[in-house]
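In: Sequence and predicted model, in that order:
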Amino acid sequence: MSTIMKRAANPFADLLGWLETESAAMRTFGSAPYIRVEDFVEDDNYVVRAEMPGVDPDKDIQIDVAGDVLTIHGERREEEHDRNRSELHYGSFERTLPLPRGAKAEEIRATYTNGVLEVRVPYAADEPKATRVAIEHNGS
């Protein structure tokens, strides 16, 4: 026969657990929860990858471009369970990112694989052109 052992009270461990849970909640205080992203340039594309596990990309993710701003909006729907702990966020979340100059909004492509949304934004990199200016001589 097995017996269930009670864990000895450890106020320090309890405090660390509380701080970890509360700091996650504080990161989103006063705004929609944060979507963690990475972005980089690859070839002639600005690429954004966003962690969005547990969502249906066809129903729960919306990507909009307005001017030079990319907005990713999503929603994670809560499932009904009897649970002891829940540290997952349910509800809507959003992230807005500036697009590089020359972004081609009509050519943006997005894919969703293994909980990661990848948005590829083609753009024409405008390289500054060097121009030599002639100096005019007036008088003397």
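Out: Yes, it's here.

In: Could you measure from the spatially closest residue to residue 37 that is not a sequence neighbour over to residue 34?
Out: Nearest non-adjacent residue to residue 37, counting by Cβ to Cβ, 6 or more residues apart in numbering: residue 50, 4.7 Å away. Every residue, glycine included, has its C-beta placed from N, CA and C. Distance of residue 50 to residue 34, computed by Cβ to Cβ, to the nearest Å: 10 Å.

In: go on, residue 57?
Out: In this view, residue 57 and residue 34 are 19 Å apart by Cβ to Cβ.

In: Likewise for residue 61?
Out: Distance from residue 61 to residue 34, by Cβ to Cβ: 16 Å.

In: all helices of this protein, in order?
Out: Remark: helices assigned in the chain by DSSP state H are 11-26, 57-60.

In: Residue 100: neighbouring residues, count only.
Out: Per other Cβ atoms under 10 Å, the neighbour tally for residue 100 reads 15.

In: Dig out what residue 62 forms beta bridges with.
Out: Taking DSSP bridges as the rule, residue 62 bridges to residue 73.

In: what sits against it?
Out: 72, 73, 74 (Cβ atoms under 8 Å, 6 or more residues apart in numbering).

In: Counting neighbours, which of these comes out on top?
Out: Neighbour counts for those, by other Cβ under 10 Å, peak at residue 74, which reaches 24 neighbours.
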